[in-house]
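**Q** Fold the following, please.
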Amino acid sequence: MKQEVEILNLPMTAVSRIARLVAPELKFTEEAKLAVNRAAGMFVLYSSMMSWEVATTQKRKTIRSSDIIKFLNDSGQEDIVAALSTFDDRSKRAQKSKALSDDVIVLEEQEIEQTSPSCSSY
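**A** As a prediction, this is how the structure comes out:
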């Protein structure tokens, strides 16, 4: 049972930071922070489980961001979907631009190898 509780615990600094962002004018007791922590952990587990079900209905063993978005849409969490979709789009663009820059680096390295004199000729 102890292992289950540890799985559900998020870092308290993150929970405190989120609480301050959401309600900067309020103070949270340690008990309230623990309750928020527990609720957030439960939400992560539940979201993962439901997203896994979406993936398995499509005969996949890997959860994609689209599975999470579908679960959230189906469960009426449109406000979360909007923020998550924006984050997902930015993440995909960043990955694409990183992949492009990695390709450029590889091409530059190949050009350097092709234009530099070989050590064996000396």
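**Q** Secondary structure element holding Leu10?
**A** When elements are assigned from DSSP states H and E, Leu10 belongs to no helix and no strand.
**Q** if I pick it, what's in contact with it?
**A** When the contact criterion is C-beta atoms under 8 Å, 6 or more residues apart in numbering, the partners of Leu10 are Asn37, Ala40, Gly41, Val44. In short, each C-beta sits where N, CA and C put it, glycine included.
**Q** Now intersect these with the helices, please.
**A** Secondary structure defined by DSSP state H assigns Asn37, Ala40, Gly41, Val44 of the contacts of Leu10 to helices.
**Q** hang on, the earlier thing: got a winner among the contacts of Leu10 for most neighbours?
**A** Of all the contacts of Leu10, Asn37 has the most neighbours under the rule other C-beta atoms under 10 Å, reaching 20 neighbours.
**Q** That one touches Val15, doesn't it?
**A** Yes. Asn37 is in contact with Val15 according to C-beta atoms under 8 Å; the separation is 4.7 Å.
**Q** and Ala94, which of the three is it?
**A** Per DSSP: H, G, I helix; E, B strand; the rest coil, the local secondary structure of Ala94 is helix.
**Q** Can you give me the pLDDT of it?
**A** For Ala94, the model assigns a pLDDT of 78.
**Q** Please consider this matter closed, and thank you.
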